[in-house]
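Chemist: what follows is a predicted protein model with its sequence.
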Amino acid sequence: MRLSELHKAGRAPEVPLSITLADAAGPAQLQLLSLLRVLPGQRYVGAGVWRGRPVLAKLLVGSKASRNFERELAGVRLLAEQGLTTPLLLADGLQAGEGGWLLFEFLEQAESLAEAWSAVQDLPLLADEQQAVLADALSAIGQMHLKGLWQEDLHLDNLLRQNGRLYLIDGAGICAEQPGKPLSRNKVLENLGVFFAQLPQNLEPFIEELLVHYLLSNGEHALPLEALLKQVEKVRAWRLNDFLNKVGRECTLFSVQRGAFALRAIRREEEAAMLPVLARVDDLLEQSHLYKTGGAASVGKVDVAGRTLVVKRYNIKGFAHWLKRFWRPSRAWHSWREGNRLAFLGIATPKPLALLETRFLWLRCKAYLVTEYLPGPDIIERFAPYIEHGDAPESELQALDVLFADLIRERISHGDLKGHNVFWDDGRWALIDLDSMCQHRSLSSFAPAYARDRARFMRNWPVGSALYQVIDGRLPKL
């Protein structure tokens, strides 16, 4: 295969494949054995063999190939020139009409710090194992900043660890202020804001403690915590908006198709499993265990290929109802977007898997949402034995504290916080039925919505019961 042919190879070209590349020693075959990252029509990153040696290959094609190649090569050279640890560049080249390539030494049995974090993220907050991962990351970032460099796309996937040694990768994101001189304080705060904004928000109280690991590598500046936290908040808001834009368009995370007769959105890793579900979604729903049928929505538990899912169909009750619905986003779309919002923010909810909005010449009709199934129980069933004495398990009451604290922090109102919409799941309370959920821009609009949510939640139990008094005493009031 010629390098230029990758431009039309799509998201998943068949591997292994052979590509002819040339260096100073002449042309040779790159045997690309697997793909690790793909940006269709632009960038293909994978493991392969070049002149008998294992390599990590970055192949750049399409109209932006020249610019992307030059940026990647400049970043790699900056890292190497400043003595920072990065995989050795073995060969590179750019050919007009074909594309560019960079071949790096392949780090056998290396893991990204994102993988290392994933293995410890469920431990108690800032456990030693978690602190070790973040200490490695912050130490490497400090060393980079000390040399006047920063990584625009700073995240744990761009830090590799092999045999206790940390490698900086992804030269395309490497920028320099004054190479060899410490980065200015403003740039340090901006870049650290990018890093901390990607960590779970419940780690925020520990940022000052974690900064010690950075300062051991780069103590050039005093870093005011308040300024850093403002930067973290700014980046978090940007990342959330960027993510929500992606839930409705074709990208690495989501497979989305829009047309005059349908809108279909699927989480990318679920595409193969969800396409057959959406193809016969009505039949599956009719054969399912129905929780709710008729009216504005039908909800059922379905079993597909040994997996239990929940399908919710948003019905059109008649012509008058259709006139109210066809011109605005469906409730399925709203639930899809809000479910992904909660998941991004780390608030428990069934994982949204797929959305299908049927249309007629762009006018919306029935719509469907497919999510993971939560076996329950809901909070009414879970707390039923404790109504009289109020002796609910402290761990479950604390989990309720966390849920409401998260909703207040993010200024999110649910809109229908009855007990049947709050499920116990793996040590957390999860929210379902997100049709009316809203993230408010201001406290003035959030406060009354939160008051309504709280009042509706408290109506799940008799006012004079001991359980009511316990929960009422714990939940914040705004």
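Modeler: Everything's here; your move.
Chemist: can you find the helix or strand in this structure with the smallest mean pLDDT?
Modeler: Every helix and strand in the chain was compared by mean pLDDT, DSSP states H and E; the lowest is helix 319-325, with a mean of 69.
Chemist: do you have the helices of the stretch 51-200 of the chain handy? List them.
Modeler: 65-81, 113-120, 128-146, 185-197 (DSSP state H, counting those that start in this stretch).
Chemist: check the stretch 201-350 of the chain too.
Modeler: 207-217, 225-246, 271-279, 281-286, 319-325, 331-345.
Chemist: and the nearest residue to F195 once chain neighbours are set aside, how many neighbours?
Modeler: Spatial nearest neighbour of F195, chain neighbours left out: L154 (5.1 Å); criterion: CB to CB, 6 or more residues apart in numbering. The C-beta positions use only the backbone N, C-alpha and C, and glycine is treated the same way. For L154, the number of neighbouring residues by other CB atoms under 10 Å comes to 23.
Chemist: look up how far A140 lies from L154.
Modeler: To A140, L154 is 10 Å away according to CB to CB, to the nearest Å.
Chemist: contacts for stretch 266-280?
Modeler: Here stretch 266-280 makes contact (CB atoms under 8 Å, 6 or more residues apart in numbering) with 252-256, 264, 284, 302, 304-305, 307, 309, 311, 351-356, 368, 370.
Chemist: let's see 10 Å
Modeler: Stretch 266-280 is contacted from outside by 11, 247, 250-257, 262, 264-265, 281, 284, 286-287, 302, 304-305, 307, 309, 311, 340, 343, 351-356, 368, 370, 372, using CB atoms under 10 Å, 6 or more residues apart in numbering.
Chemist: before we move on, back to that, and P87, which of the helices of the stretch 51-200 of the chain is closest to it?
Modeler: Closest to P87 of the helices of the stretch 51-200 of the chain, according to CB to CB: helix 65-81, at 8.7 Å.
Chemist: show me what the closest one is packed against.
Modeler: Helix 65-81 is packed against strand 43-50, strand 53-60, strand 89-95, strand 99-105, strand 149-151, strand 165-168, strand 174-176, with contacts defined by 3 or more CB pairs under 10 Å, 6 or more residues apart in numbering; DSSP states H and E.
Chemist: tell me the angle of that helix relative to strand 89-95?
Modeler: Here helix 65-81 runs at an angle of 160 degrees relative to strand 89-95 (axes from the mean of the first three to the mean of the last three CA atoms, to 10 degrees).
Chemist: and helix 65-81, what's buried?
Modeler: Using 16 or more other CB atoms under 10 Å as the test for burial, helix 65-81 gives 65, 68-69, 71-73, 75-76, 78-79.
Chemist: with adjacent residues omitted, what lies nearest to the most centrally placed residue in the chain?
Modeler: Nearest to the geometric centre of the chain sits F344, at 5.4 Å (CA atoms, centre = their mean). Closest residue to F344 apart from its sequence neighbours, by CB to CB, 6+ apart: F243 at 5.2 Å.
Chemist: and D170, how close does it get to A384?
Modeler: 52 Å.
Chemist: P27 bridge partners, please.
Modeler: A22 (DSSP bridges).
Chemist: number of nearby residues for it?
Modeler: Counted with other CB under 10 Å, residues neighbouring P27 total 8.
Chemist: against L88, how distant is it?
Modeler: Taking CB to CB as the measure, P27 falls 22 Å from L88.
Chemist: how about D170?
Modeler: Computed as CB to CB, the D170 to L88 distance reads 15 Å.
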